[in-house]
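S.K.: this one's sequence-less:
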Ligand SMILES: NC(=O)c1ccccc1
């Protein structure tokens, strides 16, 4: 038998485990079961003694430093650290910021959460390796919301992130720091993550380009998950061209991620960008406008953006998709129960799939169990709902919502059979004030969730969806969201590039 640190549980320990499983056992039964576990524990010790099977860290780096004061005016950086990639490649000369839910080996990561503080990853996410292999320079980790669970920028443990367009206002979330550092002109490109809108929401509030790619197009390996069927990562950039360029580098299977079910070659998105949009058919989705929380100026600017697309030669028609109005409701059971079971009770990685499990992260993340009072109000509220529904209703509503996703997907696909793209506002509003210190639990939760009715449905249905800045409402950016057919990012870029080059979006104003 190999040496190992795992020992056979004591009879008392086993009796407790049996009790937790609702099994009553006599002493004799228990003793026999205990003896029969000797082989099993030996197998566990074999596994325990083997070195883990992890991707190699290819490029040298140092841990970096926490910037302060004038070096971090928006609280957007968690760590600044310079990691040089290959001497040549598509990203040579490009500085890239990485959201702090993405593992960069040797550089501290806390994913916005006090309970994870002190963690240092031992591997690079696939997207990090791809950026470095392509010659990019990673310049740091950006602050994100507490375990990425908010659409605002007020729940991160380090500090709330400010909007570079106006101090004291939300940068959007959960990829808030990525939005802010790109908008401030500190980097041309950044990585974000999106389970309910967390790439597109900060892109909209900050006035930058943010693409949530088709689910699985970009490998999520080495990134802290929330829920397998909602997890996305993708590019947030100052220009459409850089967005397409970064996606070219990021996309494609890595053999480590069960979210990736297409092995199709990755197109050269930049080659699909040109050519304009004459004759392109765009459906303006009626239900994306006029939410109870919608601001008039926000919706006006997006309708004017649709007129501009028409002016550029597209056929833009208003279309009703009644199910879109229910999309966020269908998203909620998947997000609440899925996040509670996978991200929290499942130690981030859950079970029942093959691929890369980041054990160091799994171990460090377990600290939340003894410290649940430190979790953000938004995550607490989500877990109260998720745990209640899983334990009192058998996960029935998670299951039903996953079935209803197919109906929702078909509703969009039916329109996408007649049109090239869907268009609507990314968010119901421009950036709002950050909650004041000591704000009520109610306000904190409301600000985190009021933003997502248009973005979250496409995290469920997996369509590619991008926020494009289309004007300033009272001086704050507003985003137009374009959504395409599965793996049709190229067409979104073509429309975005036409819109971008047609006019300086900052000259389009409303109040
Ligand atoms: N990570 C997300 O996209 C998210 C956004 C808003 C609320 C919860 C999660």
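M.R.: Sure thing, it's come through. These numbers come from a predicted model, not from an experiment.

S.K.: What score does residue 1 have for pLDDT?
M.R.: pLDDT for residue 1: 41.

S.K.: correction: residue 195
M.R.: At residue 195, pLDDT is 98.

S.K.: Scan this protein for its longest helix.
M.R.: helix 396-416 (DSSP state H).

S.K.: What lies in contact with that one?
M.R.: 229, 283, 285, 319, 321-324, 326-327, 330-334, 337-338, 389-390, 422, 457-458, 460-463, 483-485 (C-beta atoms under 8 Å, 6 or more residues apart in numbering). Just so you know, the C-beta spots here come from the backbone N, C-alpha and C atoms, and that holds for glycine as well.

S.K.: Among those residues, which lie within strands?
M.R.: Of those, the ones assigned to strands by DSSP state E are 283, 285, 319, 422, 483-484.

S.K.: If you rank those residues by neighbours, which is first?
M.R.: residue 483 (27 neighbours; other C-beta atoms under 10 Å).

S.K.: Tell me which residues touch the residue nearest to residue 365 when sequence neighbours are not counted, please.
M.R.: Leaving aside its sequence neighbours, residue 365 sits nearest to residue 348 (C-beta to C-beta, 6 or more residues apart in numbering; 5.0 Å). Residues near residue 348 by C-beta under 8 Å, 6+ apart: 224-225, 342, 358, 361-362, 365.

S.K.: As JSON lines, the residues you listed with neighbour count would be great.
M.R.: Converted to JSON lines, the contacts of residue 348 look like this (neighbours: other C-beta atoms under 10 Å):
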{"residue": "224", "neighbour count": "30"}
{"residue": "225", "neighbour count": "24"}
{"residue": "342", "neighbour count": "21"}
{"residue": "358", "neighbour count": "23"}
{"residue": "361", "neighbour count": "25"}
{"residue": "362", "neighbour count": "15"}
{"residue": "365", "neighbour count": "23"}
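
S.K.: In CSV, list these along with distance to the ligand, pLDDT and secondary structure.
M.R.: Listed next are the contacts of residue 348 as CSV, based on distance: C-beta to the nearest ligand atom, whole Å; pLDDT from 0 to 100; DSSP: H, G, I helix; E, B strand; the rest coil:
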residue, distance to the ligand, pLDDT, secondary structure
224, 11, 98, coil
225, 10, 98, coil
342, 13, 98, helix
358, 18, 98, coil
361, 17, 98, helix
362, 19, 98, helix
365, 16, 98, helix
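
S.K.: Burial check on the residue in the stretch 351-500 of the chain positioned nearest to the ligand, number of neighbours?
M.R.: Nearest residue of the stretch 351-500 of the chain to the ligand, counting by C-beta to the nearest ligand atom: residue 452, 5.2 Å away. Using other C-beta under 10 Å, residue 452 has 25 other residues around it.

S.K.: From residue 383, how far off is it?
M.R.: Applying C-beta to C-beta, to the nearest Å, one obtains 18 Å for the distance of residue 452 from residue 383.

S.K.: and what of residue 433?
M.R.: 27 Å.

S.K.: Compare these two and say which is more crowded by neighbours.
M.R.: residue 383 (21 against 12).

S.K.: how about the residue lying closest to residue 486 once chain neighbours are set aside, phi and psi?
M.R.: In space, and not counting its chain neighbours, residue 486 is closest to residue 214: 5.3 Å by C-beta to C-beta, 6+ apart. Torsion angles at residue 214 (phi, psi; degrees, to the nearest 10) stand at phi -50, psi 140.

S.K.: Residue 214: what's it in contact with?
M.R.: Taking C-beta under 8 Å, 6+ apart, one finds 262, 462-464, 486-489 in contact with residue 214.

S.K.: Equivalent analysis for residue 469, please.
M.R.: So residue 469 contacts 203-204, 207-209, 477-480, 505-506 (C-beta under 8 Å, 6+ apart).

S.K.: What residues does residue 179 make contact with?
M.R.: Taking C-beta under 8 Å, 6+ apart as the test, what residue 179 contacts is 161, 171-172, 190, 192, 202-203, 205-206, 208, 210, 236.

S.K.: quick one on the thing from earlier: mind checking the pLDDT average for the longest helix of the chain?
M.R.: Averaging pLDDT along helix 396-416 yields 99.

S.K.: and the closest residue to residue 320 other than its chain neighbours, how many residues sit next to it?
M.R.: For residue 320, ignoring the flanking residues on the chain, the nearest one in space by C-beta to C-beta, 6+ apart is residue 286 at 4.7 Å. A count of nearby residues for residue 286, using other C-beta under 10 Å, gives 15.

S.K.: same check, this time on the one 10 residues further on
M.R.: If you count neighbours by other C-beta under 10 Å, residue 296 ends up with 12.

S.K.: distance of it from residue 430?
M.R.: From residue 296 to residue 430 the distance is 11 Å (C-beta to C-beta).

S.K.: can you check residue 223 too?
M.R.: Counting by C-beta to C-beta - residue 223 and residue 430 are separated by 29 Å.

S.K.: in stretch 296-311, what counts as buried?
M.R.: 297-306, 308-309 (16 or more other C-beta atoms under 10 Å).

S.K.: Touching it from outside, list them.
M.R.: Counting by C-beta under 8 Å, 6+ apart, 277, 282, 284, 289-290, 316, 423-425, 427-430, 468, 470-474, 478, 480, 495, 498-499, 502-503, 508, 510-511 sit against stretch 296-311.

S.K.: try 7 Å this time
M.R.: Under the criterion C-beta atoms under 7 Å, 6 or more residues apart in numbering, residues 277, 282, 284, 289-290, 316, 423-425, 428-430, 470-471, 473-474, 478, 480, 495, 499, 502-503, 508, 510-511 lie in contact with stretch 296-311.
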